[in-house]
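Asks: sequence? don't have it. structure:
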């Protein structure tokens, strides 16, 4: 009984967080993540490989991970969505664990694309707000794994980088 109650509280908390995130994004007072990505892509070396919108202490935060294949580094950024100010920046070296993500980033570069461009295409094909995006490579396919939040909650899907289309086999709710 206690495990069931704890499980219910965890699911309810997750649902509440999603509702809060949806409320913040739907007010329209924040720049869209793709806009901030474009600025980041223009100002820094590398390719954005990951994005996530999150609420910290009631504040909407945009988190980005940028891989620079030439320098073999990963830089993580946290920005306050309300004004675009940098909250935190952390640089680390690429590791063996990052090879799938690096493969996806190299595919983006090879095709002359950026994560912001890909997310703009996804927005045209689906409704809701992209709250998480991660470049990955599996079984020889480079794709972006996405979480989209709408009034009904979160759903996940995948977008093929090379063919610029949703992957129906990797679509799940």
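Replies: Cool, got the structure. Note that the structure is a prediction, hence the values are computed from the model and not measured.

Asks: So residue 48 versus residue 66, what's the distance?
Replies: 5 Å (Cβ to Cβ, to the nearest Å). Quick note: C-beta positions are derived from backbone N, CA and C, even for glycine.

Asks: Neighbour count: the two, which is higher?
Replies: The residue with more neighbours, out of residue 48 and residue 66, is residue 48; 27 against 22, by other Cβ atoms under 10 Å.

Asks: Would you agree that one falls within a strand?
Replies: Yes - under DSSP: H, G, I helix; E, B strand; the rest coil, residue 48 sits within a strand.

Asks: Now list whatever residues contact both of residue 48 and residue 66.
Replies: Counting by Cβ atoms under 8 Å, 6 or more residues apart in numbering, the contacts common to residue 48 and residue 66 are residue 40.

Asks: Residue 24: neighbour count?
Replies: 18.

Asks: what's the nearest residue to residue 40 once chain neighbours are set aside sitting at in phi/psi?
Replies: Closest residue to residue 40 apart from its sequence neighbours, by Cβ to Cβ, 6 or more residues apart in numbering: residue 64 at 5.9 Å. When read as degrees, to the nearest 10, the backbone of residue 64 gives phi -130, psi 150.

Asks: I'd say residue 64 and residue 34 touch.
Replies: No - Residue 64 sits out of contact with residue 34 when judged by Cβ atoms under 8 Å, with a separation of 11.5 Å.

Asks: contact partners of stretch 56-70?
Replies: Outside of stretch 56-70, the residues within contact range by Cβ under 8 Å, 6+ apart are 21, 24-25, 30, 33, 36-37, 40, 44-55, 73-82, 87, 94, 98, 101-102, 105-106, 109.

Asks: Recalculate using a threshold of 6 Å.
Replies: Residues from elsewhere that reach stretch 56-70 (Cβ atoms under 6 Å, 6 or more residues apart in numbering): 24, 30, 33, 36, 40, 45-54, 74-79, 81, 105.

Asks: Flag every buried residue along it.
Replies: 60, 61, 62, 63, 64, 65, 66, 67, 68 (16 or more other Cβ atoms under 10 Å).

Asks: among these, which are in strands?
Replies: 60, 61, 62, 63, 64, 65, 66, 67, 68 (DSSP state E).

Asks: Could you save those as a markdown table and add columns showing pLDDT?
Replies: Putting these into a markdown table (pLDDT from 0 to 100) gives the following:
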| residue | pLDDT |
| --- | --- |
| 60 | 93 |
| 61 | 95 |
| 62 | 96 |
| 63 | 97 |
| 64 | 97 |
| 65 | 97 |
| 66 | 97 |
| 67 | 97 |
| 68 | 96 |
